[in-house]
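K.L.:
show me the folded form of this:
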Amino acid sequence: RHPYPAPLDDVLTAYRWLLGHGVPAERISVIGESSGGALVLSALQLLRDEEAPPPASVALLSPVTDLSVSGASVDTNGRVHDPGVDRSMLTRLIGQYLGDARPDAAPQSPLHGDPSGLPPLLFAVGTGEALLDDSVRFAEAADAAGVRTRVDGYESLIHGFQLLTLLPDNPTGRMFLDRVARWLLDPVGAVADPVV
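P.N.:
Numbers count the residues shown, from 1 in each chain. As a prediction, the model looks like this:
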């Protein structure tokens, strides 16, 4: 087991390695899924604070952004639409990850940090998932701070719906992959109309 901050340190080390080996930041895009989304946002906040160049674009797939598990959708969607992703499970896993670190403080819980100055952020989230509010609340805060932000909500889909992209001839999967790819390649020129 490698609890916090080891995973975050690994993300920062990998990003700094790319920069140190001559990869320009404007050629780097980052994707984080679920708890990986928390790691990405935490790393971005720390990189900004140390004035490192940010990646060109970021896609966050059903990210965890609030390790204090305060979003209402954990209960409303978790009970009805997203079985297995509930407050008890999230609290247990987050506790194992954080150890003695606070769940309501940044950088480990990015929603509790400052989103200003981050690169363009795409949130791809199912509207039926327990962690919907993690995406919506962070996106709202980032947008208010002047960050280019878009939330693509996939109607009634649950946490981990992105696995649909692995199924052949799945129209939702094809749409999801197309929208994420276009955002990563050109977040300024990407389609402006969100799915929601």
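
K.L.:
three-state assignment of residue 157?
P.N.:
Residue 157 carries the three-state label coil when classified by DSSP: H, G, I helix; E, B strand; the rest coil.

K.L.:
helices of the protein, start to end?
P.N.:
The residue ranges that make up the helices of the chain, judged by DSSP state H, are 6-20, 35-49, 73-80, 87-98, 132-144, 171-185.

K.L.:
ok, which of those helices comes nearest residue 107?
P.N.:
Proximity to residue 107 (Cβ to Cβ) singles out helix 35-49 among the helices of the chain, at 4.1 Å. Quick note: C-beta positions are derived from backbone N, CA and C, even for glycine.

K.L.:
does anything pack onto the closest one? Which helices or strands?
P.N.:
Helix 35-49 is packed against helix 6-20, strand 29-33, strand 57-61, with contacts defined by 3 or more Cβ pairs under 8 Å, 6 or more residues apart in numbering; DSSP states H and E.

K.L.:
of these, flag the one that's most buried.
P.N.:
strand 57-61 (a mean of 26; mean count of other Cβ atoms under 10 Å).

K.L.:
returning to that earlier point: format the helices and strands packed on helix 35-49 as CSV; extra columns: mean pLDDT.
P.N.:
As requested, those are exported to CSV (pLDDT from 0 to 100):
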stretch, mean pLDDT
helix 6-20, 98
strand 29-33, 98
strand 57-61, 97
